[in-house]
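> Requesting a structural model of the entry that follows:
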Amino acid sequence: MKIGIVTSFNQRLYNYYAHRFLQSYNWPFDLIVYHEGWIPEDFAVRDNIFYRNIWEGKVGNKLKKFQSRVQHYNIDSVEKGRPDKIIHGTNYKKDAIRFSYKVFAKCDAMLATRNPYDYIFWIDADVVFKKNIDAKEVVNKFLPGEYAISFIHRPTYYSECGFVGYNLRNADTRLFVSKFEEHYSTLKLLQEKEWHDSYIFDVVRERILYNTPQFNLSPKITKVGNPWPDTPMAEYMDHLKGKARKDAGEMLK
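All right, here's what the predicted structure looks like:
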């Protein structure tokens, strides 16, 4: 059983918060980091951390083509070239470009023919690791049994996709990932009410995996808020979601 962890960040986001992700990463699995042509020089080389330039190869071609086509419809919610600078008052739910890096990164990691993993977990780069874990624990706690995917479901809102698990031994999972990427590459996402990755994740999930077992990582959640403390991941990681937590560098009460 081979497990891979995937995330993405650029230089500005590394300096802002993703340095904490790398410095704290203590899991024994391969970590695949998608970047934009820059990798950290202040971080020691590890044999289980692999860097991939999201602007190169097939994934780069897909991302460039998507962003070129969608820019005529897109609502920019961050300053161009400054993903750390939010433009307040704009509608992030119609900012397909802002969240497309994440989508194309994880789809590339899972759909590429070089992919050797049975399970892949996407983890946002604003996560800080607290406790080590082994392969058996990861599967039992985060994606058990014959479930195709695991995710943080919020019944009154779109899912929180800061942590998503994919069982790639399941054919339905691979179909879901393919259709998820297709919503971007063909601009199908423009037919939906919202264009960010979490909303499109739910749209495709409900259409493709409606008869397939899915593991809800937050079964007790009844409100929007920050669901992370009520998930099994909280024992192992903190998610510094939102500007206040990122600025503080820690979870806030």
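> Just confirm residue 85 is within a helix.
No: going by DSSP: H, G, I helix; E, B strand; the rest coil, the assignment for residue 85 is strand, not a helix.
> what's the neighbour count on it?
By the criterion of other Cβ atoms under 10 Å, residue 85 has 10 neighbours. To be clear about C-beta, it is placed using only N, CA and C from the backbone, and glycine gets the same treatment.
> quick one, strands of the stretch 51-200 of the chain?
For the stretch 51-200 of the chain, applying DSSP state E, counting those that start in this stretch gives strands covering 78-79, 82-86, 119-123, 127-129, 149-152, 160-167.
> so which of those comes closest to residue 21?
For the strands of the stretch 51-200 of the chain, the distance to residue 21 is smallest for strand 127-129, at 5.8 Å, taking Cβ to Cβ.
> which helices and strands sit right next to the closest one?
For strand 127-129, the contact count by 3 or more Cβ pairs under 8 Å, 6 or more residues apart in numbering; DSSP states H and E identifies helix 19-24, strand 237-239 as packing neighbours.
> Go through the ones you listed and pick out the most buried.
Neighbour counts averaged per stretch over the helices and strands packed on strand 127-129 are highest for strand 237-239, at a mean of 22; criterion: mean count of other Cβ atoms under 10 Å.
> related to what we said a few turns ago, looking at the strands of the stretch 51-200 of the chain, which is nearest to residue 207?
When those are compared by Cβ to Cβ, strand 149-152 sits nearest residue 207, at 13.6 Å.
> Please enumerate residues in contact with the closest one?
Defining contact as Cβ atoms under 8 Å, 6 or more residues apart in numbering, one finds that strand 149-152 is touched by 142-143, 159-167, 173, 176, 201, 205, 209, 214-218, 221, 227-228, 231.
> next one: stretch 51-65
Counting contacts by Cβ under 8 Å, 6+ apart, the residues outside stretch 51-65 that touch it are 8, 32-37, 39, 100-101, 104-105, 108, 112, 181, 185.
> how about the helices in this structure?
Under the criterion DSSP state H, the chain carries helices at the ranges 11-13, 19-24, 57-70, 96-111, 135-142, 171-185, 197-208, 243-248.
> Of those helices, which shows the lowest average pLDDT?
Looking at these, the lowest mean pLDDT belongs to helix 243-248 (a mean of 78).
> would you put the C-alpha positions of that one in PDB?
Taking C-alpha atoms only, helix 243-248 is exported to PDB below (Å, rounded to 0.1, in the frame of the first residue of the first chain):
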ATOM      1  CA  LYS A 243      -6.200  35.300   7.400                       C
ATOM      2  CA  ALA A 244      -6.200  35.600  11.200                       C
ATOM      3  CA  ARG A 245      -4.900  32.100  11.800                       C
ATOM      4  CA  LYS A 246      -2.200  32.500   9.000                       C
ATOM      5  CA  ASP A 247      -1.100  35.800  10.400                       C
ATOM      6  CA  ALA A 248      -0.800  34.400  13.900                       C
END
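> in that helix, what's buried?
Applying a neighbour-count criterion of 16 or more other Cβ atoms under 10 Å, the buried positions in helix 243-248 are 245-246.
> just how off-centre is that helix within its chain?
For helix 243-248, the separation from the chain centroid amounts to 19 Å (computed by Cα atoms, centre = their mean, to the nearest Å).
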